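> sequence and predicted model, in that order:
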Amino acid sequence: MGIPSPPRQPPRTECPVSAEGQCLGGGCNLLLSTDLVIAQKSAVFHELFVNYSMSPDTGGLWALQRLVGPMRAKQLAMLAEPISAAAAKEYGMVLDVVPDGSAMEAAHDLAVRIAAKSPVGVAHTKAISNHMEDYTLQTYFQVEADYLCLGALSSDFRETNIAAAQHREPEFTGE
């Protein structure tokens, strides 16, 4: 029996997620790897690994450092002290904090608002954002130009322009 193989990349979600209750260890780390997190006011985030002689798993330190910076990530991981939803928002770990019992609804409402946008534009924005750390400024501008060209060639782009000319909302197909 050996040590299990670690994941090769952090998980990604296709929708906003809600944080309710205690987000501990690997559960906290999985949340940090998602696109958008809405936390209820009483949610608690806890990088507790050092208390068990371990370092963070599931890509947690990588995600945490990208969200809060190297020093804050080290502080959270090395001290293993729980933090409130308000602190998590202040640090950039969550998008918003809502009253208890409404995080799931708020995440759903956000997902509905995003789903009303062009799937092409949303997918391109997410693809660029999820690989931002791989780009130099020069390669970023090339990637940006490539995605802008792809978007301009899409059916959704044409539909947006036709809908604007006809004074109506566009009907996106994701093509």
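It's in. Numbers count the residues shown, from 1 in each chain.
> now do the buried residues in the longest helix along the chain.
Scanning the chain for the helix with the most residues, using DSSP state H, yields helix 137-152. By neighbour count on 16 or more other C-beta atoms under 10 Å, the buried set for helix 137-152 is V143, Y147, G151. No exception for glycine: its C-beta is placed from N, CA and C like everyone else's.
> make CSV out of these and add distance to L61 and pLDDT.
Output for the buried residues of helix 137-152, formatted as CSV (distance: C-beta to C-beta, whole Å; pLDDT from 0 to 100):
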residue, distance to L61, pLDDT
V143, 26, 93
Y147, 29, 93
G151, 34, 94
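> ok, back up a step: next SSE after the longest helix of the chain?
helix 155-165 (DSSP states H and E).
> average model confidence for that following helix?
For helix 155-165, the mean pLDDT works out to 95.
> returning to that earlier point: dump the buried residues of helix 137-152 into TSV; add distance to C23 as well.
Output for the buried residues of helix 137-152, formatted as TSV (distance: C-beta to C-beta, whole Å):
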residue	distance to C23
V143	32
Y147	33
G151	35
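> of those residues, which is the nearest to V112?
Distances from V112 to these, taken as C-beta to C-beta, are shortest for G151 (22.1 Å).
> I figured that closest one was touching V122, is that so?
No: applying C-beta atoms under 8 Å as the test, G151 and V122 come out as separate, 10.7 Å apart.
> how about D96, phi and psi?
Backbone torsions for D96, taken as degrees, to the nearest 10, come to phi -150, psi 160.
> return the residues in contact with it.
Shown in contact with D96 (C-beta atoms under 8 Å, 6 or more residues apart in numbering): I38, A39, K89, A106.
> helix or strand right after the helix or strand hosting the third one?
Spelled out, that is K89. In this structure, K89 sits in helix 85-91 according to DSSP H and E. Scanning forward in sequence from helix 85-91 by DSSP H and E, the next helix or strand is strand 96-98.
> note down every partner strand of that next one and its orientation.
Next to strand 96-98 in the sheet, as set by DSSP bridges, lie strand 37-40 (parallel).
> so how far is the partner strand off the chain centroid?
12 Å (C-alpha atoms, centre = their mean, to the nearest Å).
> who touches whatever helix or strand comes next after it?
Following strand 37-40 in sequence order, the next helix or strand is strand 44-46 (DSSP H and E). Outside of strand 44-46, the residues within contact range by C-beta under 8 Å, 6+ apart are 19, 21-25, 28, 31, 80-85, 87-88, 93.
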